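>>> Here is my input; please provide its structure:
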Amino acid sequence: MDYSLSFKVNEKIYLRDPESTELGKQIVKNAIDLIHTLGFEHFTFKKLAKEMNTTEASIYRYFENKHRMLLYILNWYWSFMEYLVVFQLQPLANSKEKLERLVELLTHPLPESEGQSDYNKNYLHQIVITESSKVYLVKEVKEINEDAVFKPYKDLCGRISALIQSHNPTYVFPHSLSSTLIETAHSQLFFSQHLPKLTDAGKKHKTEFVARYLTDLLFKSLS
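Got it, this is the predicted structure:
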């Protein structure tokens, strides 16, 4: 059965809810495509407006700047990832199977079959790998955090932390390990693609290498 997913994104991220209009939805959709193509540094509202055959002013009605737009895109991703963690892991029999499936989710592109969306999920996955740290590795992170705009990321870490504690209740660093798994998945996928000498990937399939590495890291930490 087909179904469409919708997530409530923190209203302090945007000036006008992109989900409230067809133009807003197209702005986000095209922004994902263009950020993937150009990279966040070279992405501008001027280029996005030209791509969409609209005006910069129309985009600025929805987002104050491109940092806020990237925050919006990542909030959608983190919410979707938490949804996958909840519903794909629920039927599994034990905590080991759930953690193994978690690693698959963290290292592989978002499944296209899960929920209808106009967003290119493969592009979104690549953006998370290459650009996600840019929303919090900024001088103003403390002030930005006061608006609770990182809540979906924290909620996902909380879900993973609960899985870790379920597998080993005596492990004393569940939140640190959960955020380490997420960030290591991104960095190792990026390094294996672009800076392979920083990894042991070699000529192996990059995604499978990172999945095996994270699995080894996870279970040796919990043993």
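>>> which residues sit in contact with Trp187?
Just so we're on the same page, residue 187 is Ser rather than Trp. Ser187 makes contact with no residue, according to Cβ atoms under 8 Å, 6 or more residues apart in numbering. In this view, the C-beta of every residue, glycine as well, is placed from N, C-alpha and C.
>>> And for Asp216?
If you count contacts by Cβ under 8 Å, 6+ apart, Asp216 has none.
>>> Work out for me the element it sits within.
Following DSSP states H and E, the helix or strand that holds Asp216 is helix 206-222.
>>> How about the contacts made by Gln126?
His36.
>>> Tell me the gap between the strand or helix carrying it and the middle of its chain.
With elements delineated by DSSP H and E, Gln126 resides in helix 121-131, which encompasses its position. On the basis of Cα atoms, centre = their mean, to the nearest Å, the separation between the geometric centre of helix 121-131 and that of its chain is 7 Å.
>>> Can you give me the pLDDT of the closest residue to Leu217 other than its chain neighbours?
Counting by Cβ to Cβ, 6 or more residues apart in numbering, Thr184 is the residue found nearest to Leu217 once chain neighbours are left out, at 7.1 Å. Here, the pLDDT recorded for Thr184 equals 96.
>>> Same check on Thr130?
At Thr130, the predicted lDDT confidence score is 94.
>>> Just to be sure, the residue nearest to Leu217 is in a helix?
Yes: assessed with DSSP: H, G, I helix; E, B strand; the rest coil, Thr184 lies in a helix.
>>> ok, it to Val9 distance?
From Thr184 across to Val9, the span is 26 Å (Cβ to Cβ, to the nearest Å).
>>> Settle it for me: which of those two has more neighbours?
Val9 (22 against 18; other Cβ atoms under 10 Å).
>>> I figured the more buried one was touching Tyr72, is that so?
Yes: using Cβ atoms under 8 Å, Val9 is in contact with Tyr72, at 5.7 Å.
>>> residue ranges with poor pLDDT in this structure?
By pLDDT under 70, the low-scoring segments of the chain are 1-5, 112-116.
>>> Report the buried residues of the lengthiest helix in it.
Across the chain, the longest stretch assigned as helix under DSSP state H is helix 66-89. Under the neighbour-count criterion of 16 or more other Cβ atoms under 10 Å, helix 66-89 has 66-82, 84-85, 88-89 buried.
>>> Work out the gap between that helix and the centre of the chain.
Shown here is helix 66-89, whose average C-alpha point lies 5 Å from the average C-alpha point of the whole chain (Cα atoms, centre = their mean).
>>> Tell me what angle that helix forms with helix 121-131.
Here helix 66-89 runs at 120 degrees with respect to helix 121-131, directions being taken by axes from the mean of the first three to the mean of the last three Cα atoms, to 10 degrees.
>>> got the CA positions of helix 66-89 in CSV?
Only the C-alpha atoms of helix 66-89 are listed here, as CSV (Å, rounded to 0.1, in the frame of the first residue of the first chain):
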residue,chain,number,x,y,z
LYS,A,66,20.9,28.8,3.0
HIS,A,67,22.1,27.6,6.4
ARG,A,68,18.4,27.5,7.6
MET,A,69,17.4,25.8,4.4
LEU,A,70,20.1,23.1,5.0
LEU,A,71,18.8,22.7,8.6
TYR,A,72,15.3,22.2,7.2
ILE,A,73,16.5,19.5,4.8
LEU,A,74,18.5,17.7,7.5
ASN,A,75,15.6,17.9,10.0
TRP,A,76,13.4,16.1,7.5
TYR,A,77,16.2,13.5,7.0
TRP,A,78,16.7,12.9,10.8
SER,A,79,12.9,12.6,11.3
PHE,A,80,12.7,10.1,8.4
MET,A,81,15.7,8.1,9.8
GLU,A,82,14.0,7.9,13.3
TYR,A,83,10.9,6.7,11.6
LEU,A,84,12.9,3.9,9.9
VAL,A,85,14.6,3.0,13.1
VAL,A,86,11.2,2.6,14.9
PHE,A,87,9.3,0.7,12.2
GLN,A,88,12.0,-1.4,10.6
LEU,A,89,13.5,-2.6,13.9
